[in-house]
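Asker: with the input below, show me the fold.
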Amino acid sequence: HSLFWTWMTSPGSTNTAPTGNLKAKIEQDFGSVDEMKSLFTTAASKRFGSGWAWLGVKSDGKLAITSTPNQDNPLMPNVDEPMIPILGLDVWEHAYYLKYQNRRPEYIQAFWNVANWDKVVEYYDNY
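Answerer: Numbering: from 1, shown residues only. Prediction:
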C-alpha cells in the first residue's frame, strides 16, 4: 500500500489530468486520456473479488492496463501482464466499504477526483 497512498491527494492539490510525456504516451497508446480512464475503470470493475487495477509501463515501453487478484502486482513473477506500475487502485472491499459499501463502481469513479497525476507523471518520467 505504500505506493497506493502516493497515487492519491486532496482534490485541487494536483493537476486533474496527466501532463507532459505521460499525456503524450497515453494518447499514443490509448487514443485519449478518457479512453485510458475507461479501460482502467473497466479493469477495476471486472476484477472479481479482491485485487488491484494497474496502469503501467511494459518492457517494450508501451503503456498497458491490467488487474491482478488479491495482493498480486505486475512486478511479481508469473503475472499475466508484467509491467512497472505507475498508477494502481486497490479494489479490495476494505478499501471502500465504509463509504461505498458494495458500490465499487462509485468508488472507482471517485478515485479519479483524488488521483495524484503529478506523482503518476513523476513515476512515468522516472520508470
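
Asker: from here on, contacts and neighbour counts on C-alpha atoms
Answerer: Fine.

Asker: which secondary structure state does I86 sit in?
Answerer: Taken by DSSP: H, G, I helix; E, B strand; the rest coil, the conformation at I86 corresponds to strand.

Asker: and it, how many neighbours does it have?
Answerer: Neighbours of I86 under the rule other C-alpha atoms under 10 Å: 22.

Asker: how close does it get to F4?
Answerer: According to C-alpha to C-alpha, to the nearest Å, I86 stands 10 Å off from F4.

Asker: just S13 next, same as before
Answerer: Where F4 is concerned, S13 sits at a distance of 17 Å (C-alpha to C-alpha).

Asker: same check, this time on N116
Answerer: 10 Å.

Asker: so for those two, which residue has more residues nearby?
Answerer: Neighbour totals were compared for N116 and F4, and N116 leads with 25 against 12 (other C-alpha under 10 Å).

Asker: any idea how far that one is from Q109?
Answerer: To Q109, N116 is 14 Å away according to C-alpha to C-alpha.

Asker: please identify the helix or strand for T68.
Answerer: strand 63-69 (DSSP states H and E).

Asker: helix or strand, whichever it is, which one in the protein has the lowest mean pLDDT?
Answerer: The helix or strand of the chain with the poorest confidence is helix 97-100; it has a mean of 58 (mean pLDDT, DSSP states H and E).

Asker: buried set for stretch 61-73?
Answerer: L63, A64, I65, T66, S67, T68, P69, N73 (16 or more other C-alpha atoms under 10 Å).
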